[in-house]
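following is a predicted model, sequence given first.
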Amino acid sequence: MAGETRDSKNSALLGRRDFLIRGSSAAAAVAALGLPRPAWAAPDGPPRVRRYTTLGRTGLKVSDISFGSSRSADPALVEHAFARGINYFDCAESYKGGNSELAIGRALRGKRDEVYLTSKVKCGVDTKRSSLMQALERSLKRLQTDHVDIYFNHAVNDIERLKNDEWLEFATRAKQQGKIRFTGMSGHGGQLVACMDYALDHDLVDVILCAYNFGQDPSFFERLTTRMDFVAVQPDLPRVLAKAREKNVGLVAMKTLRGARLNDMRPYEWDKATFAQAALRWVLAGTRVDALVISMTSIEQIDEFVAASGAPAPRGAELDLLEDYLLAQGRPYCNHACDACESSCPHGVAISEVLRTRMYAVDYGDLSYARDEYAELANNAQVCASCVHTSCVGACPQDLQIPDLTREAHRLLA
């Protein structure tokens, strides 16, 4: 606005942030914030997938919005997702203790030729091919199938894990036996970009599943320089995604809602145009990924998410809604794959992994899943309760108060 000073902009921003944090009715919010109705709204009638994309060199034609099962084990949800046109179902041996795979296997029995199934296993530095094959066999049994379309080395956050030749020998044998068609890696922890670089440089993967959302991309922050003091801490992520594109490696995004605090934005949404839909459309509108996977825990969520399939990029008021989410959320969000703090702890606490599990409890509201994930951490935050070091203070480029958050995580999840 002409004549507007930086101080007045900052004052308006703070007032807007306070307003968002307090919450209000949708009508009052729209009026107070001056937000026009968006040009896009979900189509009338039952929602369904309207776009299928080719997943890189695999040639698989997958639904652009696909089913994530990390937090559900209900066959009825899988059936509903399939009825809405979803044909890509993502799971892992560890999800719900194997029950997510059981649910998918039951729900999709007799429909195997109409869907693509994936699963995951963690291959550590010393994991043997025999253990990997046993894990795959268990997954196939639960899924009631003789093969998976993509098998992922799960939650990779260490290049040394990618150097384990046992994985490559296992994958080669499993492909020869027809038990897997394609291999991939998934990741959302520290060193993600470095791990992706290594996997791409050594031609280790056909597909990459990685964390990617509007709040992680430097391009989203370019329009915020006069409104917010947030900074993008992963300037290299677009580069490595483009590198995967050049090699025709399939790209699937996860963690697309940046914490999934959907209730925070309900008062500021419009009928048939939601924050989640805007966030999903932002991820899909660019050229950086082929599709996305998102956890679906209710019929209502499936319908809301699927309604964004094939839709145009968010603009205008919807971009304001994404910005408002960043404002309302504040700063307790640990950016996936940012490892700026990892070397700061003298005890070797996996800070970003601890804060990721905290996110599941605090943001997702899924304490059970958060505790399961926390229990798998080799270097959790137990020592933080009595730690007298201050080396992690100030280590986060987003100014997270690391000691407070790690201690809270351990109290909640230990």
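Noted; the coordinates are in hand. Residues are numbered from 1 along each chain as shown.

CA atoms for contacts and neighbours, from now on please.
OK.

low-confidence regions, the stretch 151-300 of the chain specifically.
Of all residues in the stretch 151-300 of the chain, those with pLDDT under 70 make up the ranges 190, 217-219, 221-235.

which parts of it are helices?
Under the criterion DSSP state H, counting those that start in this stretch, the stretch 151-300 of the chain contains helices at 159-162, 165-176, 192-201, 218-221, 237-246, 262-265, 275-285, 299-306.

using CSV, write out every CA atom in the fifth one.
So the one you mean is helix 237-246. The C-alpha trace of helix 237-246 is given here as CSV (Å, rounded to 0.1, in the frame of the first residue of the first chain):
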residue,chain,number,x,y,z
LEU,A,237,15.9,-29.1,-1.8
PRO,A,238,14.6,-27.7,-5.1
ARG,A,239,18.0,-28.5,-6.7
VAL,A,240,18.0,-32.1,-5.7
LEU,A,241,14.4,-32.5,-6.7
ALA,A,242,15.3,-31.1,-10.2
LYS,A,243,18.2,-33.6,-10.3
ALA,A,244,15.8,-36.5,-9.7
ARG,A,245,13.6,-35.1,-12.5
GLU,A,246,16.6,-35.1,-14.9
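
how far off helix 192-201 does that helix point, in degrees?
20 degrees (axes from the mean of the first three to the mean of the last three C-alpha atoms, to 10 degrees).

out of the helices of the stretch 151-300 of the chain, nearest to D64?
Proximity to D64 (C-alpha to C-alpha) singles out helix 275-285 among the helices of the stretch 151-300 of the chain, at 7.6 Å.

quick revisit: check the helices of the stretch 151-300 of the chain for me and report the most buried one.
Greatest average neighbour count among these goes to helix 275-285 (a mean of 24), per mean count of other C-alpha atoms under 10 Å.

not counting stretch 359-370 itself, show me its contacts.
71, 96, 259-261, 333, 357-358, 371, 413 (C-alpha atoms under 8 Å, 6 or more residues apart in numbering).

the longest strand seen in the chain packs against which elements?
If you go by DSSP state E, the chain has its longest strand at strand 180-187. On a contact count with 3 or more C-alpha pairs under 8 Å, 6 or more residues apart in numbering; DSSP states H and E, strand 180-187 meets strand 148-153, helix 165-176, strand 207-211.

adjacent strands (with direction) for it?
Strand pairing for strand 180-187, using DSSP bridges, gives strand 148-153 (parallel), strand 207-211 (parallel).

okay if I get those as a markdown table plus distance to Y364 and mean neighbour count?
Listed next are the strands paired with strand 180-187 as a markdown table, based on distance: least, C-alpha to C-alpha, whole Å; neighbours: other C-alpha atoms under 10 Å:
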| stretch | distance to Y364 | mean neighbour count |
| --- | --- | --- |
| strand 148-153 | 24 | 24 |
| strand 207-211 | 16 | 25 |
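
now render those strands as TSV, adding distance to A39.
Converted to TSV, the strands paired with strand 180-187 look like this (distance: least, C-alpha to C-alpha, whole Å):
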stretch	distance to A39
strand 148-153	37
strand 207-211	28
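
now do the contacts for the closest residue to G105 other than its chain neighbours.
Counting by C-alpha to C-alpha, 6 or more residues apart in numbering, the nearest residue to G105 once its immediate chain neighbours are dropped is L143, at 3.9 Å. By C-alpha under 8 Å, 6+ apart, the contact list for L143 reads 101-106.

now intersect these with the helices, please.
In this view, the contacts of L143 that belong to helices under DSSP state H are 101-106.

just give me the closest of those residues to V49.
Closest approach between the ones in helices among the contacts of L143 and V49, by C-alpha to C-alpha: I104, at 18.7 Å.

give me the number of residues near the closest one?
I104 has 25 neighbouring residues, counting by other C-alpha atoms under 10 Å.

so it sits right up against A76, yeah?
No: contact criterion C-alpha atoms under 8 Å: I104 and A76 do not qualify, at 9.4 Å.

tell me which stretches of this protein form strands.
52-54, 61-63, 65-68, 88-90, 116-121, 148-153, 180-187, 207-211, 250-254, 291-295.

for D165, find the nearest of the ones you listed.
Using C-alpha to C-alpha, the strands of the chain put strand 148-153 closest to D165, at 12.5 Å.

so what's the gap between the closest one and the chain middle?
17 Å (C-alpha atoms, centre = their mean, to the nearest Å).

same deal with stretch 365-382?
Worked out by C-alpha atoms, centre = their mean, stretch 365-382 lies 17 Å from the chain centre.

give me the phi and psi angles of the residue nearest to the spatial centre of the chain.
In the chain, the centroid-proximal residue (C-alpha atoms, centre = their mean) is K255; its distance is 1.5 Å. Dihedral pair for K255: phi 50, psi 40, per degrees, to the nearest 10.
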